[in-house]
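Student: okay, here's the prediction I keep looking at, along with the sequence it came from:
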Amino acid sequence: MENPILHNSLTRQHHIFLSVLLGVAYALSFGLSFSLSPIGISADAIISSLLLFCEAVILWSIFTYSRIEILGFYQSVTIHIAYALLSVTIMVLLEYLVMTEFAKESLSIYFQSLPARVFCLIVIYASFRRYYISNMSENDFENDEHADIESKLETVVPIDVIERITVKVGTKIKVIPVDEVIYFKAEDDYVSVVTDQGHWLKSERLKDYEESLPSNEFARVHRSYIVNISKISKIERYGQKQMLSLNNGEQIRISLTGYKILKEKLKL
């Protein structure tokens, strides 16, 4: 979940270079087209480069933590429009403030170029969103590939198929038939067992359940989730991502490898 622009030096250098390149190209295209003064073009280039980099950092975090992909189509579109308008508005206002401070005589030209600037900023926003989706999809694929390699390196030990799970509820022991489980979720050193009646934590590994659950009834759709196939209500696509909806109303993101496994089990 870490923002790679802040925590990865190579990615950060890459985004700084792109931001400067886009900022200079953005300033020159409008400056030369509308005969902006050299001071105005320079100020425009500096503020544009700085803002593009800062907005890339902020948008990456927003996209990651807001989880837009799990929303419905119209909600997702509405939020994207709001994000785009907010990004463009902040960019335009700060550009205006800088022009007011350093190139006041060019303000009339700046206003003439405003419609074209807004259009370009929207295109830049859409391109960045596309880049983000592509990057996240590649990361999921790489993580799944690493998980597959690690599982193949481990020693294979025959494991009995479990039919029920026992959990502690206060001083009592609750027995849960596996067919009542909606999904299993990895929670650090624990596994959360989720049913219609609630969820319980077990001090075990998700891989242990993956190997011992009935293979025709459960599928590992993500490195953090194993779902009961009979509890799936629908599978939907959001951009480059696949999401499955469960009969309890929850949605879970499917990895590339998980989607392939699910297609085989559902014979799609």
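Tutor: Perfect, thanks for sending it.
Student: just the buried residues of stretch 104-120, please?
Tutor: Burial within stretch 104-120, assessed by neighbour count using 16 or more other CB atoms under 10 Å, is assigned to 106, 109, 110, 113, 117, 118, 120. (Glycine included, C-beta is placed from N, CA and C.)
Student: what pLDDT does residue 216 get?
Tutor: Predicted confidence (pLDDT) for residue 216: 86.
Student: try residue 181
Tutor: Per-residue pLDDT puts residue 181 at 93.
Student: for it, give me phi and psi.
Tutor: Note on residue 181: backbone dihedrals following degrees, to the nearest 10 are phi -80, psi 130.
Student: now it: how far from residue 257?
Tutor: In this view, residue 181 and residue 257 are 21 Å apart by CB to CB, to the nearest Å.
Student: compare the two (neighbour count), which wins?
Tutor: More neighbours surround residue 181 than the other of residue 181 and residue 257, with 23 against 19 (other CB atoms under 10 Å).
Student: contacting residues for the more buried one?
Tutor: Each residue near residue 181 by CB atoms under 8 Å, 6 or more residues apart in numbering is listed here: 165, 193, 194, 195, 228.
Student: can I take it that residue 193 is in a strand?
Tutor: Yes. Judged by DSSP: H, G, I helix; E, B strand; the rest coil, residue 193 forms part of a strand.
Student: ok, now which ones touch it?
Tutor: Residue 193 makes contacts with 165, 167, 176, 181, 184, 199, 200, 201, 202, as judged by CB under 8 Å, 6+ apart.
Student: just to be sure, the third one is in a strand?
Tutor: Yes. In this structure, residue 176 lies within a strand as judged by three-state DSSP.
Student: what sits closest to it if chain neighbours are left out?
Tutor: Spatially, and ignoring its direct neighbours in sequence, residue 176 is nearest to residue 165 (4.7 Å; CB to CB, 6 or more residues apart in numbering).
Student: does the spatially most distant residue from the centre of the chain sit in a helix, a strand or a coil?
Tutor: Within the chain, residue 105 marks the point farthest from the mean C-alpha position, 43.3 Å out by CA atoms, centre = their mean. Using three-state DSSP, the structure places residue 105 in helix.
Student: count the residues that sit near the residue lying closest to it once chain neighbours are set aside.
Tutor: Excluding its sequence neighbours, the residue lying closest to residue 105 (CB to CB, 6+ apart) is residue 37, at 6.8 Å. Residue crowding around residue 37 was assessed by other CB under 10 Å; the count is 14.
Student: give me the next element, helix or strand, following the strand or helix carrying residue 88.
Tutor: In this assignment (DSSP states H and E), residue 88 forms part of helix 73-102. Note on helix 73-102: by DSSP H and E, the next helix or strand toward the C-terminus is helix 107-112.
Student: from residue 265, how far out is the residue nearest to residue 176?
Tutor: Taking CB to CB as the measure, residue 165 falls 21 Å from residue 265.
Student: next: residue 29.
Tutor: Using CB to CB, residue 29 is found at 52 Å from residue 265.
Student: ok, residue 129 next?
Tutor: 32 Å.
Student: just checking, residue 35 touches residue 110?
Tutor: No. Between residue 35 and residue 110 there is no contact under CB atoms under 8 Å: 11.6 Å.
Student: so which residue is dead centre in this structure?
Tutor: Ranked by distance to the mean C-alpha position of the chain (CA atoms, centre = their mean), the top residue is residue 64 at 4.3 Å.
Student: tell me what angle the host helix or strand of that one forms with helix 73-102.
Tutor: Using DSSP H and E, residue 64 falls within helix 38-66. On the basis of axes from the mean of the first three to the mean of the last three CA atoms, to 10 degrees, helix 38-66 is oriented at 150 degrees to helix 73-102.
Student: same for helix 38-66, what does it pack against?
Tutor: Where contact means 3 or more CB pairs under 8 Å, 6 or more residues apart in numbering; DSSP states H and E, helix 38-66 is packed against helix 4-7, helix 9-33, helix 73-102, helix 114-153.
Student: which among these is found nearest to residue 235?
Tutor: Of all these, it is helix 73-102 that lies closest to residue 235, at 14.7 Å by CB to CB.
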